[in-house]
Structure formats: C-alpha cells, structure tokens
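>>> The following comprises the amino acid sequence and a computationally predicted model.
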Amino acid sequence: MKHTINDRPSDLAGLYTLSFRLVIGWTYFSAFWRRLILENKLIPDEKGYIGEKFNHFLPNALGIKPVIEYLVTHPEALQRSMITFTIIEAVVGLFIILGLFTRLMSIGIFSLALGILLGSGWLGTTCLDEWQIGVLGVAGGFVLYLTGSGPYSLDYYFIQKKQGFTQRKWFQWLGSGVLPFSKPKTIVLTGSLFIFGLTLYTNQYFHGGVWGNLHNKSIKPNIEISQVSQDNSDLKFEVYRTEGADVYGSFLIGIQLLDQNGNILKEFNYEQLSKLSGEHIQNHYVAKVKPGKYSLIIPLGARADISLDISNILQKHTIHTLKLIDISGIEWTAIVR
C-alpha cells in the first residue's frame, strides 16, 4: 500500500518543521555567505577577520577555553580552522535547506550550536544574544534529527523515487523517514531533559539567569593587570581585556604612576599612548592591543605585555600604583612591587 503524507507521521513531522528547517539552515549557510561571498573575512590582519572574532570568545568560554587559546596563539592553525568551520557551516546549512541527509546534518547543527554556546554564550550587550542562539540551535538540531525532512526535501524525493541508498538501514539514521527507535518516548524525554538542563546550567553560569544576581559581562570593559615589574628604565606589565562589548574596544586615554599617597609621579596622556611603537607592545593573541588616533585600543580578548619609559623618575622606589584610565571614566589599578 502506498503511503501519502496524510497517513505517515514521519512525513507530517518533517512537513511541519519545514519553515524551521529553512530558517536554521540559512543561519548557518549565511555564515559562509557573509564571510566569503559578501566580504572576505578569512584573511588575517585585515579588518573583520573572523579569527579576531573567535578571539573575543576566549576570556569567559566554558570548557573549551584551552582549544580557543591554542588557536589564537597559533595564527596558521587558527586560519585553517576558520576556513574549515566556514566550509562545514556552508555544507550543513545548504543540506539542511535542501533536506538532504537531514539527520546527519542535524548532528552538525547540534555540534556547531554547542560550540557557539560554550564559546560565546556569555556575549550580548542588550540581551543574551549568543546564549540564545546556542541553546536554540542545540534544541533545533535535536528536533530536526527526530523529524527528518518531509515533503519539499531531497530526502523525500529520493525516497519516493525508491533510490537504492534510501532503502538501506543507515539512511533511516542519517537521512529521513521513520526512526527505528524501540522506545521513542524515552529517547525524546532523555534528550529533552538533557538539553533543558544544559540550558539552565549555561544560563546560570554565564548570566546568573536562574538564581542570584543577574550579570552581563558584555556591558562594560574590564581589564586585568598582572606581571607588573620595573627596572631602571622601564615599567612592564601585562593587560588582558576580559569583558565588554566584542564590537567595541576599550580606549585607554591615560596611564598614571602614583606614589603611596596617590600623588602622580608620571602620567602618559592620550597623545603619548596613541604613539606607542611596536617595541613597547608585545601581543599574545590575534586580537591586538594597538595605538589608535586618540588612545590605546584594547579589543575584547586581547592580551599584551606593555613597557613604559620611566627613566626620568628619579626615585623609582616610590612608585606604588599603576592606574589605567578608560575613555568611559573606568579606572583599573595594580600595585607595583
């Protein structure tokens, strides 16, 4: 007896998720479209390089921070990874739109979304942008695996044409059609509870969204100062920008050296900071601390060693505090030992 979409639940499930499949497919295919067709964002050292965006994930990533740090400290490996990810997103997104090998591609959706969630779930200035994209992508990948594609998909077309590969058991697991689950309710409930638990855990971890105080690490910049040391000619320290908007830098307009009473021993103003040469800034990652027109720019995720000339301070032992001043008025201090 020939089945139609009216009496096959798997056909109806795939049909009902058509709009969802098209939209989620485009969200991933569009990453390729934006980075390579509309603009080329895969060229290192050019504005908009996607590797620098990847660097922005680093400070507060969950679980995958060592992987990100390895890549941003190895530029060639980072570029290869960005190219690979872009190709994977293109294939996964296009195949999901076309409904070809839908279940295999939904595993790709799940995996890519999980990477977004763990890497950048803490980002978002006005709302929980990246976290929402991540958790919805994870849930969406799971749903598409369960439903497969119905009518208006290549999987369905090949099934109707009785192509040989669609008759093989592996196609049910990686393509579309009826999943050979013996206990579908158990699988669906277990997977759903796991994803819901992941949603609650990451919401709390990144934003305090389940209990306690809400927090958003994307609202204002934060700079960590460490490794402060001095000799007869230079004061050296490390800066690491760990919070704030990923699309907007921290702009240092002043650095002050203070004594124990808070008196200024030496000050570097915005003009001096905007003229710091490369020998005074040693960057660790792809996102680079660099002089701008009116300030020293510190992008999100940037980490660098900075050295300042203090040769004209006669009593260097009186230097007690290092103060960094952002254009927003935020100040960060560290004790000079």
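Done, it's in.
>>> can you tell me which residues contact the most centrally placed residue in the chain?
Closest to where the C-alpha atoms of the chain average out (CA atoms, centre = their mean) is Ser120, at 3.5 Å. Taking CB atoms under 8 Å, 6 or more residues apart in numbering, we find Ser120 in contact with 56-57, 61, 130, 134. Backbone N, C-alpha and C define where each C-beta goes, glycine included.
>>> could you redo the last one with a cut-off of 6 Å?
57, 130 (CB atoms under 6 Å, 6 or more residues apart in numbering).
>>> Torsion angles phi and psi at it?
Taking degrees, to the nearest 10, you get phi -130, psi 20 for the backbone angles of Ser120.
>>> Next: Ile306.
Dihedral angles of Ile306 (phi, psi; degrees, to the nearest 10) stand at phi -120, psi 140.
>>> go on, Lys161?
Main-chain dihedrals, Lys161, degrees, to the nearest 10: phi -80, psi 0.
>>> Give me the pLDDT value at the residue nearest to the centre of the chain.
We have a pLDDT of 96 for Ser120.
>>> do the same with the one 10 residues further on
Predicted confidence (pLDDT) at Glu130: the value is 94.
>>> Asn6 now?
On the pLDDT scale, Asn6 is placed at 52.
>>> and if you look at Gly124?
91.
>>> Give me the secondary structure label for it.
Gly124 falls in the coil class when you classify it by DSSP: H, G, I helix; E, B strand; the rest coil.
>>> show me the contacts for it.
130, 218.
>>> Who's the closest spatial neighbour of Val228, skipping the chain neighbours?
Phe237 (4.4 Å; CB to CB, 6 or more residues apart in numbering).
>>> Against Ala304, how distant is the one you found?
10 Å (CB to CB, to the nearest Å).
>>> what do these two both touch?
By CB under 6 Å, 6+ apart, no residue touches both Phe237 and Ala304.
>>> Next secondary structure after the lowest-mean-pLDDT helix or strand in the chain?
The helix or strand of the chain with the poorest confidence is helix 9-16; it has a mean of 87 (mean pLDDT, DSSP states H and E). Counting by DSSP states H and E, the element after helix 9-16 in chain order, helix or strand, is helix 18-32.
>>> What are the contacting residues of that following helix?
By CB under 6 Å, 6+ apart, helix 18-32 touches 86, 89-90, 92-94, 96-97, 140, 152.
>>> how does it look with 8 Å?
86-87, 89-90, 92-99, 102, 109, 112, 133, 137, 140, 143-144, 149-150, 152-153.
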